[in-house]
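Visitor: fold the following, please.
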Amino acid sequence: MASRDPENKVVLIGHVNVGKTSLFLRLKDGKFHEDAEQVVMKRKEANFTKSFSNGSQLTLYDTAGMEKYQSTLPTSYLRELSAIVFVYAVDDEESFHGLTMWFEEVPAMRGVIKVLVGNKTDLTAAVDSSTAMQWARNNDVDDSMVFRVSAKTDDQVTEMFQQIADKISPKKTVQRSQPLPSEKKSGDCCKK
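Guide: Numbers count the residues shown, from 1 in each chain. Here you go, the predicted structure:
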């Protein structure tokens, strides 16, 4: 039986209306949907897999507004994560301050990459970059995993997900210590 590569599961979480579904659809469809949540609900899509230039694949999971109806995320979303993306809207301080609640909801997981994303940079910011960076440092989010993006204008969205893919599955150089079977010569060409 052939072994399967583990799924690089990435979950987007945060308050309602911060643009999680817009980020999901921007990466999936390559365009902005004004009615993003309705598009996902109509298609019944909660996840999709995308390949990146380093050869890795991310399977992105969207909560698609389910946080409106429950105080916690389903545990199935939090199992076997590679990365968790905490999303807030840069124009909404309440969504930023609410990150602490989301952060506390996620059990401590070793090896899970934490990402902080300020979405909606096309709007006037109420949360500045230095405040976001301080929150990230206080919550063990690597500086390289802090982003400000706009799903609407596509500013830095693809680049952000590429960096997450690079962090999860860095490009590996192939090192060969033995020749492949097809490279071995038959017979002994050099003996006299």
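
Visitor: this structure: helices as residue ranges?
Guide: Counting by DSSP state H, the chain has helices at residues 20-29, 36-43, 75-78, 93-97, 99-105, 129-138, 157-168.

Visitor: the last one to helix 20-29, inter-axis angle?
Guide: Between the axes of helix 157-168 and helix 20-29, defined by axes from the mean of the first three to the mean of the last three Cα atoms, to 10 degrees, the angle is 90 degrees.

Visitor: name the helices or strands packed onto helix 157-168?
Guide: helix 20-29, strand 57-62, strand 81-89, strand 113-119 (3 or more Cβ pairs under 8 Å, 6 or more residues apart in numbering; DSSP states H and E). Backbone N, C-alpha and C define where each C-beta goes, glycine included.

Visitor: mind putting these in CSV, mean pLDDT included?
Guide: As requested, those are exported to CSV (pLDDT from 0 to 100):
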stretch, mean pLDDT
helix 20-29, 92
strand 57-62, 90
strand 81-89, 94
strand 113-119, 97
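
Visitor: with respect to Asn138, which of those lies nearest?
Guide: strand 113-119 (10.8 Å; Cβ to Cβ).

Visitor: now for that closest one, which elements pack on it?
Guide: Short answer (3+ Cβ pairs under 8 Å, 6+ apart): strand 113-119 packs on helix 20-29, strand 81-89, helix 129-138, strand 146-148, helix 157-168.

Visitor: let's have the helices and strands packed on helix 157-168 in CSV, adding distance to Phe161 and mean neighbour count.
Guide: Shown next, in CSV, are those (distance: least, Cβ to Cβ, whole Å; neighbours: other Cβ atoms under 10 Å):
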stretch, distance to Phe161, mean neighbour count
helix 20-29, 6, 23
strand 57-62, 7, 20
strand 81-89, 9, 23
strand 113-119, 10, 25
